[in-house]
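Q: here you go, sequence then predicted model.
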Amino acid sequence: MKILIIGSGGREHALAWKIAQSPLVKQIFCAPGNPGIAEVAECIDIEAENIDGLYNFAVKQKIDLTVVGPEDTLMAGIVDRFRDEHLNIFGPTKRASFLEGSKVFAKTLMRKHGIPTADFKVFEDVKQAKKHLSTCEFPLVIKADGLAKGKGVFICKTLEEASKHIDDIMKEKIFGRAGDKVVIEEFLSGEEVSMLAITDGNTILPLPSVQDHKAIYDGDKGPNTGGMGAYTPVPSITEDMQLSIEENILVPIIHAMKRENRPYSGVIYAGLIITSTGPKVLEFNARFGDPETQVLLMRMKSDLVPLLLSTGKNTLEDTEIEWDNGASLCVVMASKGYPDKYEKGFPISGLETIRGLDNIQVFHAGTSMKDGKVVTNGGRVLAVTALGKNAPEAQKAVYGAIQKLSFEGAHYRRDIGAKAIYRKTS
């Protein structure tokens, strides 16, 4: 088989690394890819939003399956274009991708179909949004409606803070058209967890629980990022809790999308918070998470390719996944200044010393080549990931590997996995 992966980050590197292990696959292409991906795939100079270019390449190369990484590409309608021409592609259609592409749509859908989530109101007018703030209890949450690279959510502790974020989103347009509308919702207390599932629209195959770490600093302090690290499994998510999430959230949302004439297939990602009254949805994503994908694929023992193919054939009910019984943990090494302004082009040292180590993978998230050397080219640069018998072992391996890696201004959290380890030992 020939496989085309779309994207250039750590998630796509993890997908390429896992897909390359399949005996079914003869050749992998990635558009546009990165230097890490180039070790297992041929990188093609086509941007992820260039739907025509990607389609023409897939036809010319007779690609057997295309796997979409970024949400922007899904929202651009690549799945519709490929399926209209009878090309196999993994991911939801443009209409189905609105589950991530519009928080207003997702929240309204959840309210309509009784899926547990925070209470909320939607605003298109700055003055009306600010007027509503005077009636709210703090803290509260303000979200830009559209795609914002994981940075469009603000937890506001004061009226002044909330008012400023509304101005930033709706007046200053820091997220562009994604800020034409805002969602103002109640703040929910509890532990956050990510639950991903693969679905063909009829059958849902839940993946193990993951805990992402969005905040830039230790102790979950500072602004949100695209994700600074993750681990799986999450000790607090018991089998009963996972079953509850499947029955009350994952299955209902797929049925709701079908009833709304937006049939959903691909990966569905539920960002949840476990409150005192049970799990509630913070957000839905329409693709593999990043860095959730890195830790999940490290634990997955099964071949990923038949799983991806089964969603297009509606044969997911005949598919099972075998998992390693241990734990996987990922720590993101980021550029100084991220998630705000940062510089690029710094050489990365130590990559050769990591290559070949057992149960350690360095997934490239924001890198490029310059004068024959791998250099930084993004906010999140490397996703250092390990598999261990348990969380402490995986954590020790990751931070040990990080000591061998360096680039100017490298920043990373030093507490990824601490919650799992504390819970296990307390």
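A: Arrived safely.
Q: L65 touches L307, doesn't it?
A: No. Shown here, L65 and L307 do not form a contact pair, counting by Cβ atoms under 8 Å, at 11.2 Å. All C-beta atoms are positioned from the backbone trio N, CA, C, and that covers glycine.
Q: the two: who's more crowded?
A: L65 (21 against 17; other Cβ atoms under 10 Å).
Q: next, the contact list for the more buried one, please.
A: Taking Cβ atoms under 8 Å, 6 or more residues apart in numbering, we find L65 in contact with M1, K2, I3, L4, N88, I89, F90, V305, L308, L309, G312.
Q: likewise L309?
A: L65, N88.
Q: got the buried residues for the helix or strand hosting it?
A: Assigning secondary structure by DSSP states H and E places L309 in helix 304-313. For helix 304-313, a neighbour-count test (16 or more other Cβ atoms under 10 Å) marks L304, V305, L307, L308, L309, S310, T311, G312 as buried.
Q: try stretch 160-175
A: Buried residues in stretch 160-175 (16+ other Cβ under 10 Å): E161, A162, S163, H165, I166, D168, I169, M170, I174, F175.
Q: so the fifth one sits against K130, correct?
A: So that's I166. Yes. The criterion here is Cβ under 8 Å, and I166 meets it with K130 at 6.0 Å.
Q: which residues are in contact with each of those two?
A: With Cβ under 8 Å, 6+ apart as the test, I166 and K130 reach no residue in common.
Q: can you pull out the strands in the stretch 1-150 of the chain?
A: Secondary structure of the stretch 1-150 of the chain (DSSP state E, counting those that start in this stretch): strands located at 2-7, 27-32, 42-43, 65-68, 89-90, 120-123, 140-144.
Q: list the buried residues in stretch 11-24.
A: R11, E12, H13, A14, L15, A16, W17, K18, I19, S22.
Q: so this structure: which segments form each domain?
A: Following automatic domain parsing, one gets these domains for the chain: 2-93, 125-180, 191-318, 327-425.
Q: just send the ones you listed back as TSV, with mean pLDDT and distance to K112 too.
A: Output for the domains of the chain, formatted as TSV (pLDDT from 0 to 100; distance: least, Cβ to Cβ, whole Å):
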stretch	mean pLDDT	distance to K112
domain 2-93	97	19
domain 125-180	94	17
domain 191-318	95	7
domain 327-425	95	33
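Q: ok, which of these comes nearest K103?
A: K103 lies closest, by Cβ to Cβ, to one member of the domains of the chain: domain 125-180, at 5.1 Å.
Q: endpoints of the closest one, how far apart?
A: Terminal residues of domain 125-180 lie 9 Å apart, using Cα to Cα, to the nearest Å.
Q: cool, and stretch 179-190?
A: End-to-end span of stretch 179-190 (Cα to Cα): 27 Å.
Q: what comes up buried for that stretch?
A: Of all the residues in stretch 179-190, those buried under the rule 16+ other Cβ under 10 Å are G179, K181, V182, V183, I184, E185, L188, G190.
Q: what's the farthest-apart pair in those residues?
A: Greatest spatial distance in the buried residues of stretch 179-190: G179 and G190, 27.2 Å, computed using Cβ to Cβ.
Q: what's the neighbour count on A386?
A: By other Cβ under 10 Å, neighbour count at A386 equals 28.
Q: who are the contact partners of the residue lying closest to A20 once chain neighbours are set aside?
A: In space, and not counting its chain neighbours, A20 is closest to V40: 4.2 Å by Cβ to Cβ, 6 or more residues apart in numbering. Contacts for V40 (Cβ under 8 Å, 6+ apart) come out as A16, W17, A20, I28.
Q: and the end-to-end length of stretch 3-14?
A: End-to-end span of stretch 3-14 (Cα to Cα): 14 Å.
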